[in-house]
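Novice: structure for the following, please:
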Amino acid sequence: GCELTASTKSYTFQVDEEDDSDHILALSVVCLTDGAKDECNVVEVVGRNHENQEIAVPVANLKLSCQPLLSLDNFKLQPPVTFRLAAGSGPVHLAGWHRIMHREDASFEDDDDLSEEEEELAPIMPAKK
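Specialist: Numbering: from 1, shown residues only. Reported below is the predicted structural model:
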């Protein structure tokens, strides 16, 4: 997790570029913490789209008197991603999880063997009427 405040308005989660594993970051909860004022606190997620252009999307608008907490049901993101306090002074706490999936070297020789076996199977005949 991380905390966004008036003095620390952003937090970037990134992974080592040389890491060949797949990483998933999931945002579970965004909430106001002790010391928050009754003002709108807007949290944005800043990432890159499929054309590698930076985009910012608001994911939470919290106010102490009406919505101090928001559950995002494990909103999945692909690092690198930046969380930014676009409005308000916080403090806003973000919590979630990070999953690392290691890629295994796959040999395609087994796939070739399977396709040869499939060619040896008898063709499917239509049913007799």
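Novice: would you agree S89 falls within a helix?
Specialist: No. Read with DSSP: H, G, I helix; E, B strand; the rest coil, S89 is coil and lies in no helix.
Novice: check contacts around the spatially most central residue of the chain.
Specialist: Nearest residue to the geometric centre of the chain (Cα atoms, centre = their mean): L77, 1.4 Å. Neighbouring residues of L77 by Cβ atoms under 8 Å, 6 or more residues apart in numbering: I24, L25, A26, L27, V45, G47. C-beta coordinates here come from the backbone N, C-alpha and C atoms, glycine included.
Novice: and it, how far from G47?
Specialist: Noted for L77: a distance of 7 Å to G47, by Cβ to Cβ, to the nearest Å.
Novice: bridging residues for R99?
Specialist: I24 (DSSP bridges).
Novice: about what we covered before: ok, and the most crowded of the contacts of L77?
Specialist: Counting neighbours by other Cβ atoms under 10 Å, L27 comes out on top of the contacts of L77 with 25 neighbours.
Novice: what about the residue nearest to G90 when sequence neighbours are not counted, distance to N52?
Specialist: Nearest residue to G90, sequence neighbours excluded (Cβ to Cβ, 6 or more residues apart in numbering): T5, at 4.3 Å. For T5, the distance to N52 equals 30 Å [Cβ to Cβ].
Novice: show me which of those two is the more surrounded one.
Specialist: With neighbours defined as other Cβ under 10 Å, T5 and N52 compare such that T5 has more, 16 against 6.
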